[in-house]
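Participant: Generate a structure from the sequence data that follows.
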Amino acid sequence: MTARALTTRERDAFRLARLVAAESCPYFMHALFAASPVAVEGLGTFAVDAAWRLYMDPVLLVGPGGWTPAEAGAVLLHEVGHLLRDHAGRADELAAPVDRLAWNLAGDAEINDDLLAASIALPGEPITPESLGCPDGQLAEFYYEAQTRERDHPLPDDGLGGCGSGAGSSSLPGELDGDSFGPEGSAPSISAAEADLVRRRVASAVAAHVEARGRGSVPAGVGRWAARVLAPPSVPWQKVLRATVRRTVADCAGRTDYTYRRPSRRRLPRLILPSMRAPSVTVSVVIDTSGSMSEADLTAAVSEVQGVLTSSGIARDRLRLLTCDAAASAVQRVRSVRDIRLVGGGGTDMRVGIAAAEAERPCPDVVVVFTDGDTPWPQAPSRSRLVCAVISDRAPVGTPPWAATVHVPPSRSGVAA
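Facilitator: Purely as a prediction, here's the structure:
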């Protein structure tokens with residue numbers, strides 16, 4: 001089987017089915033338009049790949065005895081459901097070997113009970129939790145385990161075949177690589193980052209729909225999915241920040257050099273050999289004290305300085321601290337948070353603080369900058385390793401690509417989390 005671009009007639013039928021799907025579930029509209037349609041004659045169903053391409057048997061769109069626009073629209077919702085719920089990525093997290101057919105059916109059940117709850121009629125005999133002998137409202141992992149735990153009967157068959165690699169099933173014969181067909185009939189792939197952005201936009205649309213029309217306006221499983229997508233990350237930012245600082249410090253400490261101050265224990269006639277030494281790492285912390293930094297932001301920054309002191313493994317006399325707005329303060333030697341004096345309140349230019357930190361001797365191996373991100377950054381790396389801890393409600397933007405960046409949500413209570 002070979003994928004090709006849709007004909008004009010097929011594309012019109014696809015657009016009509018997509019419109020019907022969008023009217024049924026308007027919060028899925030962005031996902032429906034993100035999937036790139038292609039035709040595969042003889043496929044016998046619709047399917048998706050992991051790059052968000054939608055493969056469709058044209059007979060089902062325009063052939064005699066094909067699906068109605070409502071049926072085709074329902075199957076479109078089913079297929080983008082696999083993509084939105086990341087069934088391909090979740091399949092990769094299962095214990096090997098993965099039973100791809102059982103996983104495809106598990107994903108079908110996770111999607112279809114929500115579609116049926118929304119009164120969306122799927123063609124044929126769709127896979128449901130009940131057909132797998134399971135209760136409604138569970139995740140695909142639950143249905144997969146139920147199938148693979150005790151296999152004393154054949155797996156059910158909805159007559160449609162697998163849903164492709166985008167569902168975590170086996171790849172379809174002839175799945176595309178890269179972008180194909182050219183401008184008029186293009187089937188572009190989308191990256192994992194773009195796919196995550198689509199998921200978040202759809203999840204936000206679900207949340208807005210629920211807020212406007214009430215909790216019962218979307219299927220319960222779709223609402224739970226959106227809540228999981230929009231939930232804050234489960235990994236504490238403090239852990240990420242400290243791990244980043246420790247890793248950067250460890251990289252610097254791992255650099256070694258030769259010294260004759262302590263000769264090597266190896267002995268050769270009439271030769272004195274140098275020994276290897278690891279440098280003592282110096283860390284400078286630059287705290288943004290510009291007027292745009294709130295008291296909660298500063299509280300979070302000061303709290304994490306203590307974390308750097310206790311968690312990075314550096315000697316206390318090797319840590320320096322500077323405060324900076326549009327000008328840098330004098331260097332402070334810090335042994336505890338009580339030693340820190342915050343000075344500033346003007347404009348913002350962290351380049352000044354970084355330059356002041358690196359002007360000290362010895363030059364620091366690591367510079368950690370706490371800022372709200374509203375600042376210009378150096379255009380090129382210097383000797384010091386740079387860690388940007390951006391204290392902001394929004395994701396960091398504009399930090400140097402060669403620096404390590406950590407997003408620190410600000411404290412709302414005035415006490416860092």
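Participant: contacts for the helix or strand hosting Leu19?
Facilitator: According to DSSP states H and E, Leu19 maps onto helix 8-24. For helix 8-24, the surrounding residues in contact (CB atoms under 8 Å, 6 or more residues apart in numbering) are 6, 28-29, 32-33, 37, 39, 56, 58, 61-62, 67, 69-70, 72-74, 76-77, 118, 120. For glycine as for every other residue, the C-beta is placed from the backbone atoms N, C-alpha and C.
Participant: Tell me how many other residues surround the residue nearest to Gly166 when sequence neighbours are not counted.
Facilitator: Leaving aside its sequence neighbours, Gly166 sits nearest to Val48 (CB to CB, 6 or more residues apart in numbering; 3.4 Å). Around Val48 there are 28 other residues, counting by other CB atoms under 10 Å.
Participant: Show the backbone phi and psi for Val48.
Facilitator: phi -130, psi 150 (degrees, to the nearest 10).
Participant: Which of the three states applies to the nearest residue to Arg200 once chain neighbours are set aside?
Facilitator: For Arg200, ignoring the flanking residues on the chain, the nearest one in space by CB to CB, 6+ apart is Val229 at 6.1 Å. Secondary structure for Val229, judged by DSSP: H, G, I helix; E, B strand; the rest coil, is helix.
Participant: if we can go back for a sec, how about the contacts made by the residue nearest to Gly166?
Facilitator: Going by CB under 8 Å, 6+ apart, Val48 touches 35, 54-55, 79-80, 82-83, 163-167.
Participant: The same query, at a cut-off of 7 Å, please.
Facilitator: Val48 is in contact with 35, 54-55, 79, 82-83, 163-164, 166-167, counting by CB atoms under 7 Å, 6 or more residues apart in numbering.
Participant: ok, which stretches of this protein are helices?
Facilitator: For the chain, the helices defined by DSSP state H occupy 8-24, 29-34, 58-62, 69-84, 87-91, 100-117, 140-149, 192-213, 220-230, 237-253, 295-311, 350-359.
Participant: List the contacts of the longest one.
Facilitator: Under the contact criterion CB under 7 Å, 6+ apart, helix 192-213 has outside partners 27-28, 30-31, 34, 52, 84, 217-218, 222-223, 226, 229-230.
Participant: switch the cut-off to 6 Å
Facilitator: With contacts defined as CB atoms under 6 Å, 6 or more residues apart in numbering, helix 192-213 is touched by 27, 30-31, 34, 84, 217-218, 226, 229-230.
Participant: Most widely separated two among those?
Facilitator: For the contacts of helix 192-213, the maximum inter-member distance is 22.7 Å, found between Ala34 and Ser217 (CB to CB).
Participant: And those two? Which one has more around it.
Facilitator: The neighbour comparison of Ala34 against Ser217 (other CB under 10 Å) goes to Ala34, with 20 against 14.
Participant: Without its sequence neighbours, what residue ends up closest to the more buried one?
Facilitator: Once flanking residues are discounted, Ala34 sits nearest to Val198: 4.9 Å by CB to CB, 6+ apart.
Participant: what does Asn104 give?
Facilitator: Closest residue in space to Asn104, ignoring its immediate chain neighbours: Ser169 at 3.9 Å, by CB to CB, 6+ apart.
Participant: What is the neighbour count of that neighbour?
Facilitator: Residues near Ser169, counting by other CB under 10 Å, number 26.
Participant: how near is the residue nearest to Ala102 when sequence neighbours are not counted to Ile111?
Facilitator: With CB to CB, 6+ apart as the criterion, Ala102 has its nearest non-adjacent residue at 4.4 Å, and that residue is Gln147. From Gln147 across to Ile111, the span is 16 Å (CB to CB, to the nearest Å).
Participant: who has more neighbours, the two?
Facilitator: Using other CB under 10 Å, the more surrounded residue of Gln147 and Ile111 is Ile111, with 30 against 22.
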